[in-house]
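Novice: what's the 3D shape of this:
(chains A and B)
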Protein chains: 2
Amino acid sequence: MDLNSIETPALILDREKVQNNISRMESHLKSMHVSLRPHGKTAKNIDVINMFQKGRISGITVSTLKEAEYYFSNGITDIVYAVGIAPQKLDRVFRLISQGARITIILDSLAQADSAANAAQHYKTEIPVLIEIDSDGHRSGVDPDSPFLLHLGRYLDAAPYIDFMGVLTHAGESYSCSTAEEIRQMAEMERRQAVLCAERLKSAGIPCRIISVGSTPTAALSRGFQGVTEVRAGVFMFQDLVMAGLQVCSVDDIAVSVLATVIGHKKERNWIIVDAGWSALSRDRGTAAQHTDQGYGLVCGTSGQPVSGLIVSSVFQEHGVITHREGKSIILDRFPIGRRVRILPNHACATATSFDRYYVADASGTVVDEWKRINGW
Amino acid sequence: MDLNSIETPALILDREKVQNNISRMESHLKSMHVSLRPHGKTAKNIDVINMFQKGRISGITVSTLKEAEYYFSNGITDIVYAVGIAPQKLDRVFRLISQGARITIILDSLAQADSAANAAQHYKTEIPVLIEIDSDGHRSGVDPDSPFLLHLGRYLDAAPYIDFMGVLTHAGESYSCSTAEEIRQMAEMERRQAVLCAERLKSAGIPCRIISVGSTPTAALSRGFQGVTEVRAGVFMFQDLVMAGLQVCSVDDIAVSVLATVIGHKKERNWIIVDAGWSALSRDRGTAAQHTDQGYGLVCGTSGQPVSGLIVSSVFQEHGVITHREGKSIILDRFPIGRRVRILPNHACATATSFDRYYVADASGTVVDEWKRINGW
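Specialist: Here you go, the predicted model:
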């Protein structure tokens, strides 16, 4: 089956590019002497995770309990659920633990610590816990300099059935950097803050075995991970236009694309209309503030090569409008009704979430497999 | 089961509000003496469509062939597939027709007309066809004043096995209006252009039985539908913040919301963090250009009443950050860890697409049913 016989819109995964992206990150982190805990939220699929070298990864990271259940049912036992725990989700976590999974939860408040301690006591079952650190003011996490860090650490260390493991942080602000050097500085801040927190805890007599950091930009560009025990990242497996804009990868490294069909033209406006709208591409505009705004995606031929200057500039539920980035004239005859195009996404995680499966293509564009995705919660 | 026992994030549908929204539109269009062809793309669920009065609707509209197959398998035979046909999708359309469905396709080019005529000839099966008209420069469709309209009409009228039915248009630009009066003007333009096209075709001796118009804003606010045979609309069943911003409904009419759980606070920044990010709420920012920017959604208590000034102001994959719209201080103790909130969406279609089911609640907030959604293609 080739790309012209798949119904559109469809999500295409270039297997070789995924393998290259994975191997590159594996080599990079190996050379930095730090272990890798890939984030399962980008792929939401076990076949992709199985492309990592056996024994090289310390386990995986997940963003939903549905991912945790899915990856565990596919043989992965060591799982960090890297979203601050809601008390109501603890029963589901302990169900997995009782089945043999090692699910590490993260938290940044006494209320969460208290709920976790109560649930662990109730189930008389140990649960590994990490304190989430806010290394960049991006989102959640404990202020690294706060007295509260030690207070929370002491509480967790003392609580029966809580296996306090250490600290975790995510420099999400690295997505907003504008140069590789800025990302390197962000990576160093992420590393330093996590290590600092662990040192503060250790100085207070609280053991801290895990120091977990990561985001694709900081994982890819960091100059060193001294003191860090593991790096988490997900997007790098597929890469995307945001990462290319950050110089974390090249456009040619992007392994995921949306296959679409031309369904119309608007000659007087110089538009090509395709059957991939926001329901396929997502409304992510992650490149809007970057040097090169890629609209809702960069347009390629079926070979995967970008067509000079063409982007998806607007989206509706099931329609996408392709225009030239600089308003130049498009030779519409080159894109007749029925012609297929591939659209590279701004944000791989967001676009992939629109689809329930990947059509896995080899380098020649032959579809060699179909891999399911585990969306939802 | 009440809203506190559902795992989050979850999509909640208020059954009474849906029924009221449907009844209001039914009465409105009945008083205008025009029939209603609800759009199935918002609900993607048969139970919602079954809330329309039996015999009052002329059939439904769909945005994907998956919806067409689903609604047909649930007893609806008269279906307009309102996205310009891709030649590759015709086999699937004819499969449905051979099973007894009446699938009307739309198109705006000779290439599409030619593909449809060839396929119809191949299957020796009649297919109903509408010409899509561009009444507002929004997206697809034939220019209403163009000679091409008659050329295409003649081609379709003459083609064996093509049952040429008439014209269809969608005033999607009505979403960008800023006053009710502007929407009324847009509705009149949508009506006038569609009727004008039908008159041009009829004058050229081409019969034109269907004149189909619609969008929720124009359907709700139009002063009259003279000459129009049917009105299509979908969002009105659920309503959303964009529609409320357009004065098409009140915030209290919005029937769909995302149930989320508080998982953190950032006291120094005055943030509440919930477990609903872009993967639940979507990245739709449809209210960004309206008078009141609702961020990624308006925050309500579990009763469904908005909490003064609180919106979701930023989203990550599985995190949403709630802030006060005007930066006022939030009493975080009112939103302890584990507390549930309901978030009203900017765009009902986009947010609902994130979920595979509705939890259907009655007015007291008791969950009385679960209804599946048919996402994808």
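
Novice: which residues touch the closest residue to A:Tyr123 other than its chain neighbours?
Specialist: What sits nearest to A:Tyr123 in space, not counting adjacent residues and going by C-beta to C-beta, 6 or more residues apart in numbering or on different chains, is A:Phe94, at 4.7 Å. (Each C-beta comes from the backbone N, C-alpha and C, glycine too.) The contact partners of A:Phe94, by C-beta atoms under 8 Å, 6 or more residues apart in numbering or on different chains, come to A:119-120, A:123, A:125, A:127.

Novice: just the closest of the residues you listed to chain B, please.
Specialist: Proximity of those to chain B (C-beta to the nearest C-beta) peaks at A:Ala119, which lies at 12.0 Å.

Novice: correct me if wrong, but that closest one is in a strand.
Specialist: No - assessed with DSSP: H, G, I helix; E, B strand; the rest coil, A:Ala119 is helix; it does not lie in a strand.

Novice: can you name the residues bridging to A:Ile343?
Specialist: Judged by DSSP bridges, the bridge partners of A:Ile343 are A:Val258, A:Val299.

Novice: chain B contacts on the stretch 51-200 of chain A?
Specialist: Contact residues (C-beta under 8 Å from any C-beta of the partner chain) of the stretch 51-200 of chain A with chain B: A:63-64, A:83-89, A:92, A:108-109, A:111-112, A:115, A:134, A:137, A:139-140, A:143, A:172.

Novice: narrow these to those that are buried.
Specialist: A:63-64, A:83-89, A:92, A:108-109, A:111-112, A:115, A:134, A:139-140, A:143, A:172 (16 or more other C-beta atoms under 10 Å in any protein chain shown).

Novice: distance between stretch A:49-63 and the chain's centre?
Specialist: Distance of stretch A:49-63 from the chain centroid (C-alpha atoms, centre = their mean, to the nearest Å) equals 13 Å.

Novice: equivalent analysis for stretch A:67-86, please.
Specialist: On C-alpha atoms, centre = their mean, the centre of stretch A:67-86 falls 15 Å from that of its chain.

Novice: do the same with stretch A:301-313
Specialist: When distances are taken as C-alpha atoms, centre = their mean, stretch A:301-313 is centred 24 Å away from the chain's centroid.

Novice: can you list contacts of it?
Specialist: Applying C-beta under 8 Å, 6+ apart, the external contacts of stretch A:301-313 come out as A:3-4, A:14, A:251, A:257, A:259, A:272, A:274, A:276, A:281, A:294-300, A:320-326, A:328, A:330, A:340-344, A:365.

Novice: can you do 6 Å?
Specialist: For stretch A:301-313, the surrounding residues in contact (C-beta atoms under 6 Å, 6 or more residues apart in numbering or on different chains) are A:3, A:294-300, A:320-325, A:340, A:342-343.

Novice: pull out the buried positions in that stretch.
Specialist: By 16+ other C-beta under 10 Å, the buried positions in stretch A:301-313 come out as A:302, A:304, A:306-307, A:310-313.

Novice: next one: stretch A:88-105
Specialist: Judged by neighbour count (16+ other C-beta under 10 Å), stretch A:88-105 contains these buried residues: A:88-90, A:92-94, A:96-97, A:101-105.

Novice: ditto for stretch A:110-122
Specialist: Residues of stretch A:110-122 classed as buried: A:111-113, A:115-117, A:119-120 (neighbour count, 16+ other C-beta under 10 Å).

Novice: before I go, just wanted to say thanks for your time.
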